[in-house]
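Undergrad: using only what follows, build the 3D model:
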Amino acid sequence: MFGVSGPSSLTATTDFLYFIGFDDTNPVCALYKSDGTQAGTTIINDNIPGCFGPNGPSATLIPLDSKIYFQGQTSFQSELWVYDGVTTAL
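TA: Model prediction:
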């Protein structure tokens with residue numbers, strides 16, 4: 001399994017648990033989705049701003065209408081992102 005430390009911002013929906021974790025294999029903070037199994041835990045987005053290691057600040061995840069809203073990073077600034085169960089977008 002990939003190395004994830006410092007999970008934070010745990011947010012549950014009907015089918016999944018979403019969280020921010022620090023990916024030890026690629027030193028970035030990422031948004032993860034999990035069905036509770038190792039095989040069912042995946043990275044959704046690895047552009048979470050303001051996290052500089054496992055103890056960095058966490059992002060707020062907001063579930064609304066079968067979507068997860070969060071703050072994501074573009075090359076220039078932080079933006080409001082949405083994950084609709086398939087893709088992430090600004």
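
Undergrad: just give me how far stretch 81-90 sits from the chain centre.
TA: On the basis of CA atoms, centre = their mean, to the nearest Å, stretch 81-90 sits 11 Å off its chain's mean C-alpha point.

Undergrad: quick check: which element contains the residue nearest the centre of the chain?
TA: Note on the chain: the residue nearest the mean C-alpha position is residue 31, at 1.1 Å, using CA atoms, centre = their mean. Applying DSSP states H and E as the criterion places residue 31 in strand 28-34.

Undergrad: that strand pairs with which strands, parallel or anti?
TA: Applying DSSP bridges to the sheet, strand 28-34 is found paired with strand 17-23 (antiparallel), strand 41-45 (antiparallel).

Undergrad: now those strands in a markdown table, with mean neighbour count?
TA: Any C-beta I mention is one placed from the backbone N, CA and C, and that applies to glycine too. Listed next are these as a markdown table, based on neighbours: other CB atoms under 10 Å:
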| stretch | mean neighbour count |
| --- | --- |
| strand 17-23 | 21 |
| strand 41-45 | 17 |
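
Undergrad: in a markdown table, list those along with mean pLDDT and distance to residue 80.
TA: As requested, the strands paired with strand 28-34 are arranged in a markdown table below (pLDDT from 0 to 100; distance: least, CB to CB, whole Å):
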| stretch | mean pLDDT | distance to residue 80 |
| --- | --- | --- |
| strand 17-23 | 84 | 16 |
| strand 41-45 | 87 | 13 |
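
Undergrad: tell me the secondary structure for the residue of the chain most remote from its centre?
TA: Most distant residue from the mean C-alpha position of the chain: residue 76, 19.4 Å away (CA atoms, centre = their mean). What DSSP: H, G, I helix; E, B strand; the rest coil gives for residue 76 is coil.

Undergrad: can you check the pLDDT for residue 39?
TA: On pLDDT, residue 39 comes in at 93.

Undergrad: just the element for it, please.
TA: Using DSSP H and E, no helix or strand contains residue 39.

Undergrad: pLDDT weak spots in the chain?
TA: 1-6, 26-27, 47, 49-58, 73-75, 90 (pLDDT under 70).

Undergrad: one more pass at 90, please.
TA: Applying pLDDT under 90 to the chain flags residues 1-10, 13-15, 19-32, 38, 42-61, 65-68, 70-90.

Undergrad: thank you, goodbye.
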